[in-house]
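Student: Need a 3D model of the following:
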Amino acid sequence: MRKQVRASVANALVFADRHGGIPFLGKRMARRRLEKAWRQMEPFVPQGYLEEMKGLADGANIPLKSLQEVHALPELMATTCASFAASGQATKDGQLIQIRNLDWAIQSDVQKYAAVFVYHPSGGISFVSVGWLGFIGAVTGINEQGISIGEIGAKTTDASLKGIPMPFLLRQVLEESTHLENAVAIIQTATRTGGYNYLFADATAKKAVALETTHGHCAVFWMNQEPKDSFSVPVENAILRSDFALDPQVRDLQLACKGDPSKPGVESPEGSGAYDVRYRGQGLLIRHFYGAIDPEVAMAIARAIAPRTNIQSVVYAFPQMWVANAVDRRPAVMGTFQQIDLEELLKNF
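Tutor: Residues are numbered from 1 along each chain as shown. Have a look, this model is predicted:
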């Protein structure tokens, strides 16, 4: 798919040139920022991924430098997304169901080059990643053990580019996790970059976990162990996240959701769409549909909480998965969710 990979990489870099630099300095400054970011992160990227990037560059006949810049972009323009997982009495048949809305820059047009990747790593766990041509990291995916991932950018002052880029860290989670404790340990022990909230689920064990991270902090919340405070929306047998952090230490460092680290204490997130719609609104919908949540209801919740920047929406209900992608400026959730049989996909590709 050389032609499509080249087009996808060129498209991403045009977007970076227009939106990733300093106003009025344009393309040159944008590329310098990407180059500098990659140089800082590269020492933390596993060697196998670096070799894979070189192979992709050689195969598509594009400069390796261009691929490096594309893979630095997510750290400079973090996503603001939403995710929930529910099981047991919360769902219609007890099955674990997770949604993952990727709400990024729909004007980037990365959705033109959407693709489903099937990986069978030597010595690792086979997995499916939903992403884009020319990009080898993972932001959405599920492995053959039923471990599924979702990430949410959560801007913080406690950030550094001297760490493993989030998409490579999540790919490690998919390749190496046989259960959620593995996934949690990978995030906890990694040299992380900046602020992200993660929501991981295990279809076999029917449980889920949320992690709220900065460069130096990682708070872990298991399903049914959520804190109960004035801003949380706890739901039995469910767990949900937007970019709002429940952990006081992580929240105190947040710029996301009206956070102000320059002031003492924890600021109210109320009045931000990330909290009012994608966190609290999501929680209230889960409560409303409690006991009746199935893939169709999950899609309805995904539609209700998605902003106009929604470029990808996924419902995991292992061994099935439903995927929707944005088309032009139409948000993903407004289109058709395509059903994918994960067992057949992993078996035949």
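Student: May I see the buried residues of the longest helix along the chain?
Tutor: If you go by DSSP state H, the chain has its longest helix at helix 2-19. With burial defined by 16 or more other Cβ atoms under 10 Å, the residues of helix 2-19 counted as buried are 5-9, 11-13, 15-17. All C-beta spots, glycine's among them, are computed from the backbone N, C-alpha and C.
Student: can the residues you listed go into TSV with extra columns for pLDDT and distance to Ile136?
Tutor: Shown next, in TSV, are these (pLDDT from 0 to 100; distance: Cβ to Cβ, whole Å):
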residue	pLDDT	distance to Ile136
Val5	97	11
Arg6	97	15
Ala7	96	17
Ser8	96	12
Val9	96	12
Asn11	94	16
Ala12	93	13
Leu13	92	16
Phe15	90	18
Ala16	87	17
Asp17	85	22
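Student: And those residues, which is closest to Thr156?
Tutor: Set against Thr156, the nearest of the buried residues of helix 2-19 by Cβ to Cβ is Ala16 (22.1 Å).
Student: list the contacts for the closest one?
Tutor: Neighbouring residues of Ala16 by Cβ atoms under 8 Å, 6 or more residues apart in numbering: 30-31, 34, 69-70, 73.
Student: Apply 6 Å and report the result again.
Tutor: Under the criterion of Cβ atoms under 6 Å, 6 or more residues apart in numbering, the neighbours of Ala16 are 30, 73.
Student: Next: Leu170.
Tutor: Leu170 sits next to 138, 149 when contact means Cβ under 6 Å, 6+ apart.
Student: re the thing from before, just how off-centre is the longest helix of the chain within its chain?
Tutor: Here helix 2-19 is found 20 Å from its chain centre; the criterion is Cα atoms, centre = their mean, to the nearest Å.
Student: continuing past that helix, what's the next helix or strand?
Tutor: Next helix or strand after helix 2-19 toward the C-terminus (DSSP states H and E): helix 26-41.
Student: Just the helices from this protein, written as ranges.
Tutor: Under the criterion DSSP H, the chain contains helices at 2-19, 26-41, 47-60, 64-76, 166-176, 180-189, 248-251, 273-275, 282-288, 295-305, 342-348.
Student: Could you export the longest helix of the chain as PDB, CA atoms only?
Tutor: Coordinates of each C-alpha in helix 2-19 appear next as PDB, following Å, rounded to 0.1, in the frame of the first residue of the first chain:
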ATOM      1  CA  ARG A   2       2.900   2.300  -0.800                       C
ATOM      2  CA  LYS A   3       0.800   4.900  -2.500                       C
ATOM      3  CA  GLN A   4      -1.700   5.200   0.400                       C
ATOM      4  CA  VAL A   5       1.000   5.300   3.000                       C
ATOM      5  CA  ARG A   6       2.800   8.100   1.200                       C
ATOM      6  CA  ALA A   7      -0.400  10.000   0.900                       C
ATOM      7  CA  SER A   8      -1.300   9.500   4.600                       C
ATOM      8  CA  VAL A   9       2.100  10.700   5.800                       C
ATOM      9  CA  ALA A  10       2.100  13.700   3.500                       C
ATOM     10  CA  ASN A  11      -1.400  14.600   4.700                       C
ATOM     11  CA  ALA A  12      -0.400  14.400   8.400                       C
ATOM     12  CA  LEU A  13       2.600  16.600   7.800                       C
ATOM     13  CA  VAL A  14       0.500  19.200   6.000                       C
ATOM     14  CA  PHE A  15      -1.700  19.300   9.000                       C
ATOM     15  CA  ALA A  16       1.300  19.700  11.300                       C
ATOM     16  CA  ASP A  17       2.600  22.500   9.200                       C
ATOM     17  CA  ARG A  18      -0.600  24.400   9.500                       C
ATOM     18  CA  HIS A  19      -1.500  23.700  13.100                       C
END
